[in-house]
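Undergrad: Could you look at this predicted model? Sequence included:
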Amino acid sequence: MANIIPLSDVDPALIEALLDRAFEPDRHKRTAYKVREGTQWLPGLSFAALDEDDMLVGTIQCWPVALTDANGRPHPMIMVGPVAVVPDEQGRGFGKALMVASLAALSPQAPLPQVMIGDPEYYGRFWGFSNAPTAGWTLPGPWEPRRLLVRCDNPDVLPRQGVLGPWRG
Ligand SMILES: CC(C)(COP(=O)(O)OP(=O)(O)OC[C@H]1O[C@@H](n2cnc3c(N)ncnc32)[C@H](O)[C@@H]1OP(=O)(O)O)[C@@H](O)C(=O)NCCC(=O)NCCS
């Protein structure tokens, strides 16, 4: 069974090593890294999964970003990801447990919209993420429009057009 702990309790070098195993070696060039460039992951929303032997098997990080609308107004959002589970342990529920931990930690009073780049088949099916509201959004690098996902209580409040980038509050 997964043991979920705050990511801030994990050695940063172990987190990087895990991400290297879950993603391709040039992962730092991914557009998601540019969207959150210069920001730090949010300790209250970022978690690690340990296996039965207390080995690190998965991580989730969330970041402060903003969608800047056509009038230059920033709309704060939470960027979710990367969600990463080491290849040997995938399909055992660790990914779901990490997502539950982060989404449950969002403020119930004022949850910011959550945005991510991921497979709509996974994040739509289990968590209600959708690419429909993001069709007019742009990112600071190449992206597949179908994989730009957002989740929020009332999608009608989201700007139809905007540029996603780091939160510079
Ligand atoms: C995506 C990832 C985090 C999922 O974690 P996981 O621990 O393997 O997933 P879980 O065991 O919690 O969930 C498994 C379920 O999700 C489904 N699933 C997993 N990845 C999927 C994907 N990319 N698309 C569709 N369904 C997917 C499985 O089919 C399974 O469904 P079932 O419960 O009906 O059998 C993990 O596979 C991973 O680290 N992949 C490499 C990194 C990555 O691509 N991260 C996502 C982008 S940030």
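TA: Sure, I can see it.

Undergrad: From here on, just use CA atoms for contacts and neighbour counts.
TA: OK.

Undergrad: The nearest residue to residue 34 once chain neighbours are set aside: what's it in contact with?
TA: Excluding the flanking residues, the one nearest residue 34 by Cα to Cα, 6 or more residues apart in numbering is residue 140, at 6.4 Å. Taking Cα atoms under 8 Å, 6 or more residues apart in numbering, we find residue 140 in contact with 31, 34-35, 163-165.

Undergrad: low-scoring pLDDT stretches of the chain, where are they?
TA: Scanning the chain with the threshold set as pLDDT under 70 gives 1.

Undergrad: The ligand contacts on that one?
TA: Contact residues (Cα under 6 Å from any ligand atom) of the chain with the ligand: 22-23, 81-85, 90-96, 118-119, 121-122.

Undergrad: Could I have the PyMOL command that selects the buried members from those residues?
TA: To isolate the buried members of those in PyMOL, using 16 or more other Cα atoms under 10 Å:
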select buried, resi 22+81+82+83+84+85+94+95+118+119
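
Undergrad: Keep only those of the residues of the chain next to the ligand that are in helices.
TA: 22, 94-96, 121-122 (DSSP state H).

Undergrad: now those residues as TSV including distance to residue 110?
TA: As requested, these are exported to TSV (distance: Cα to Cα, whole Å):
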residue	distance to residue 110
22	32
94	27
95	25
96	23
121	27
122	25
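
Undergrad: quick one: which two of those are the most distant?
TA: Farthest-apart pair in those is 22 and 121; separation 18.7 Å (Cα to Cα).

Undergrad: any idea where the strands of this protein begin and end?
TA: Using DSSP state E, the strands of the chain run over residues 3-6, 47-50, 56-68, 74-85, 114-117, 137-138, 148-151, 162-166.

Undergrad: Show the contacting residues for the one residue sitting closest to the centre of the chain.
TA: Nearest residue to the geometric centre of the chain (Cα atoms, centre = their mean): residue 80, 1.4 Å. For residue 80, the contact set (Cα under 8 Å, 6+ apart) comprises 60-63, 114-116.
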